[in-house]
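*Asks:* Sharing a model that was predicted from the sequence below.
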Amino acid sequence: MTTRHLRTIRASAWYDLLVTAPFATPWTFALAHRAMNAAARALGVGELPPPEPVLTLFANLMGSLVVVWALLRLLRPLPVHGLYDGAARVLFACWQAWALAHGATGLLGGFLAVEVAFGVAQLWPWAAARRGAGCQWQAAE
């Protein structure tokens, strides 16, 4: 893998850190929820559900895990991290598309676009390596 691939891994980690850190605690999530709702109202794309305790818990779990994952990719970026992050982004994109199709706020569309872009950027080198190696590649480092 190239230095460009490692830069992409770091860039996706910075994005994740900046976007998900506000979800990591109940207090920061409350602020982020209010800000996202205001943005959604201003754009006319619908609102978020109220921040009741279970929604807050799941937001905090997601935020905490993604912050830790982002820090790992920032402090010790490895090509295999791009493979796993790309796979996770495919999953996130699927669930975001599902939520949009079922009436979630259109604000989610921007996040979906970033997930798809970083997913493609991080999986592309692996797909190219697989084609070049005649399907005899390994994900392990």
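*Replies:* Arrived safely.
*Asks:* Where does pLDDT dip in the chain?
*Replies:* Along the chain, segments meeting pLDDT under 70 span 1, 133-141.
*Asks:* Please repeat the previous calculation with a cut-off of 80.
*Replies:* Low-confidence segments of the chain (pLDDT under 80): 1-2, 129-141.
*Asks:* check contacts around the nearest residue to residue 33 once chain neighbours are set aside.
*Replies:* Nearest non-adjacent residue to residue 33, counting by Cβ to Cβ, 6 or more residues apart in numbering: residue 51, 4.7 Å away. Bear in mind the C-beta positions are built from the backbone N, C-alpha and C, glycine included. By Cβ atoms under 8 Å, 6 or more residues apart in numbering, the contact set of residue 51 is 29-30, 33, 59.
*Asks:* Sitting in strands, which of the residues you listed do you find?
*Replies:* Residues of the contacts of residue 51 located in strands (DSSP state E): none.
*Asks:* Now the residue nearest to residue 33: which helix or strand?
*Replies:* Take DSSP states H and E as the rule and residue 51 turns out to sit in neither a helix nor a strand.
*Asks:* wait, residue 8 sits on residue 121?
*Replies:* Yes: contact criterion Cβ atoms under 8 Å: residue 8 and residue 121 qualify, at 4.9 Å.
*Asks:* what comes into contact with the helix of greatest length in the chain?
*Replies:* Secondary structure of the chain per DSSP state H: the longest helix is helix 108-132. Applying Cβ under 8 Å, 6+ apart, the contact partners of helix 108-132 are 1-2, 5, 8-9, 11-12, 15, 19, 45, 79, 82-83, 85-87, 89-90, 92-93, 96-97, 99-100, 137, 139.
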